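In: Quick one, what's the 3D model for this:
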Amino acid sequence: MPSELAEKVVPVMEVNPKLLKTTNYLVAGSGSATSNTIATTPTDKDTYITNACLSMIKDATSTSTSTTLTITPFGQAAVSVLRIACATLTAQTDSLTQNWSNPIRLARGSNIIITHSSNVANILGVAAVQGYTEENITA
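Out: The predicted structure is shown next:
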């Protein structure tokens, strides 16, 4: 009997499309000021980030000691998730990438910010953040 059923039974999986998570949130920005807002999360949806990268380049006259990417997780104060240490008065380029196995939910209407400890001379930070947004739904 089982061998007869194996030929006729086809497994079927039903999926609720409201529960599928696809990347639909990708922001990138750059800045040379002390504080640079590259994006503001939507106020009408929950935003989750799954990975981020941060790069910086500076010349030998820059006095900045760090370049940082800051986010605001839901229900928490702003936190630096990526930080590149810089050597003052030294030409430098560096980058970091972080992938989170558990997405980080961000506060609605919060800023994603690149900061430099100093913007004396030439320094540029570039960041990209990837994730998804989700409306309030019931499955």
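In: For the rest of this, base every contact and every neighbour count on C-alpha atoms.
Out: Will do.
In: What average pLDDT does the helix or strand containing residue 28 get?
Out: If you go by DSSP states H and E, residue 28 is part of strand 25-31. For strand 25-31, mean pLDDT rounds to 90.
In: Partner strands of the helix or strand just after it, with direction?
Out: Heading C-terminal from strand 25-31, the first helix or strand you meet, by DSSP H and E, is strand 35-40. Note on strand 35-40: by DSSP bridges, its sheet partners are strand 111-116 (antiparallel).
In: now the strands: where do they sit in this structure?
Out: 25-31, 35-40, 46-58, 66-71, 79-85, 92-106, 111-116, 123-134 (DSSP state E).
In: Quick check: neighbours of the last one in the sheet, parallel or antiparallel?
Out: Strand pairing for strand 123-134, determined by DSSP bridges: strand 25-31 (antiparallel), strand 46-58 (antiparallel).
In: cool, the fourth one as well?
Out: In the sheet, strand 66-71 lines up against strand 79-85 (antiparallel), strand 111-116 (antiparallel) (DSSP bridges).
In: Just give me the neighbour total for residue 23.
Out: 12 (other CA atoms under 10 Å).
In: my bad, should have said residue 74
Out: By the criterion of other CA under 10 Å, residue 74 has 16 neighbours.
In: Does it touch residue 109 like I think?
Out: No - the pair residue 74 / residue 109 is not scored as a contact, 10.4 Å apart, by CA atoms under 8 Å.
In: Please spell out which residues along the strand holding residue 28 are buried.
Out: For strand 25-31, burial by neighbour count (16 or more other CA atoms under 10 Å) applies to 27, 29, 30, 31.
In: and if you look at stretch 59-79?
Out: Buried residues in stretch 59-79, counted by 16+ other CA under 10 Å: 59, 62-64, 66-74, 78.
In: Tell me which of the strands paired with strand 66-71 approaches residue 102 most closely.
Out: The closest of those to residue 102 is strand 79-85. By CA to CA, the value is 14.2 Å.
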